[in-house]
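Q: Could you work out the structure for the sequence below:
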Amino acid sequence: MVRNYRPDPVPTTVLDRIVDAGLRAPSAGNSQGLGFVIVTERATRRAIAALADEDGYVARGFDPWISAAPAHIVPTVSELVYRERYREPDKLSPEGEVIEWPVPYWWVDAGAALMGVLLASVNEGLAAGFLGVHSLPDLGALLRIPEHHLPIGVVTVGYPLADRRSASLDRGRRPRDTVVHRERWQD
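A: The predicted structure follows:
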């Protein structure tokens, strides 16, 4: 994750390829309940930064990464689209009933699309950072996203500059043998 960018604009064709990578992510039942908003207008990027209280972030000694990023990609997901898809005949249980969702796969698909966007950004020679929607009240209203589509956050995209290291990185990674298991979690 990068939180400092050069001001150089990212070409539209590059942003389209990045979003296309997100669109190729898996989709439960081929529901295709994802959406993306690409934001490059300076005023809108500043408005998003204001929603996230970027001024407070900068006051703590960090770079103004949200407003400075030349592009934002906002992935959205619609539970409604998934629910409607799973009412179609080919998705009903053998008894003709709507299945129970053991996992909300719309969130799984949104995460896969987000990862596609992040990896495609790096593949294009760019850097990216992610800010979760919990830090962005009223993002949907600002971008006029339909109510049934929920933004999951903002991916900032651009050409990287030197970055102040986050204190979160000091935690390091958990030891591999505590998170990777073979055959069974434990005997």
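
Q: Need the nearest residue in space to A162, chain neighbours excluded.
A: Leaving aside its sequence neighbours, A162 sits nearest to N4 (CB to CB, 6 or more residues apart in numbering; 6.6 Å). Where C-beta positions appear, they are placed from N, C-alpha and C, glycine not excepted.

Q: Hmm, I typed the wrong one, I wanted P146.
A: Using CB to CB, 6+ apart, the nearest residue to P146 is S78, at 7.8 Å.

Q: about what we covered before: can you get me a residue count around the residue nearest to A162?
A: The tally of other residues near N4 (other CB atoms under 10 Å) stands at 19.

Q: Which pLDDT value belongs to it?
A: Looking at N4, its pLDDT reads 90.

Q: go on, the one 3 residues further on?
A: Among the per-residue scores, P7 holds a pLDDT of 94.

Q: you'd agree it is in a helix?
A: No - if the criterion is DSSP: H, G, I helix; E, B strand; the rest coil, then P7 is coil and not within a helix.

Q: Contacts only, for it.
A: Residues in contact with P7 (CB atoms under 8 Å, 6 or more residues apart in numbering) are 68, 70.

Q: Identify the residues contacting the residue nearest to P146.
A: S78 neighbours (CB under 8 Å, 6+ apart): 33-35, 106, 146, 148-150.

Q: SS state for the residue nearest the centre of the chain?
A: Closest to where the C-alpha atoms of the chain average out (CA atoms, centre = their mean) is L114, at 4.1 Å. Put simply, L114 is helix when judged by three-state DSSP.

Q: so what's it closest to, chain neighbours aside?
A: Spatial nearest neighbour of L114, excluding adjacent residues (CB to CB, 6+ apart): P75 at 5.5 Å.
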